[in-house]
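Participant: Turn this into a model:
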Amino acid sequence: MTVRVRDETPGDGVVELDLDLDGATFTAAELIRGRVAAELMRRGTEPIRPLVAPTTAEAALNGPRRRPPGTPGDVEHETARALEAFRRGRFVLLVDRRQVLDPEERIELTNASQVTFLRLVPLQGG
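Facilitator: Below you'll find the model as predicted:
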């Protein structure tokens, strides 16, 4: 099954990508892992838009994140970072307009399902 996933970041727009999934029922954690793996396997020289932004130190050392076509990256490491960010509320997972709160929650998907990862950004100001 293929499900279209939307990444939304306030002030930074929307990026869509297709997830090819085996089966129709997943935990939220498995869906997050699939999203991370799909992003790391994207072809081309487009910058990676991970669910969790690199730390300031990582960004300073490495510059913009780009991968050669087909380079898988470290899926397990990035998935662990994304799951921690999910638990801390740094992004919201919406499936068919319903917020998923628990990484172990079972989710039933169809080809028509709407999956959105909404990144939350800290408020600036003083």
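Participant: Output the below-cut-off pLDDT ranges for the protein.
Facilitator: When residues are selected by pLDDT under 70, those of the chain lie in 43-73, 123-126.
Participant: how does it look with 80?
Facilitator: Scanning the chain for pLDDT under 80 picks out 11-12, 40-73, 121-126.
Participant: Tell me, how many residues neighbour Thr116?
Facilitator: Residues near Thr116, counting by other CB atoms under 10 Å, number 19. Where you see a C-beta, it was placed from the backbone N, CA and C, and this is true even at glycine.
Participant: Repeat that for Ala24.
Facilitator: Taking other CB under 10 Å as the criterion, the count of residues near Ala24 is 13.
Participant: Could you give the backbone dihedrals for it?
Facilitator: The phi and psi torsions at Ala24 (degrees, to the nearest 10) take the values phi -130, psi -10.
Participant: Excluding chain neighbours, give the residue nearest to it in space.
Facilitator: Excluding its sequence neighbours, the residue lying closest to Ala24 (CB to CB, 6 or more residues apart in numbering) is Leu109, at 5.4 Å.
Participant: Ala37 contacts Asp74, doesn't it?
Facilitator: No - look at Ala37 against Asp74 with CB atoms under 8 Å: they stay out of range, at 10.6 Å.
Participant: neighbour-wise, which of those two wins?
Facilitator: Ala37 (17 against 11).
Participant: Same question for the more buried one, what's its three-state structure.
Facilitator: helix (DSSP: H, G, I helix; E, B strand; the rest coil).
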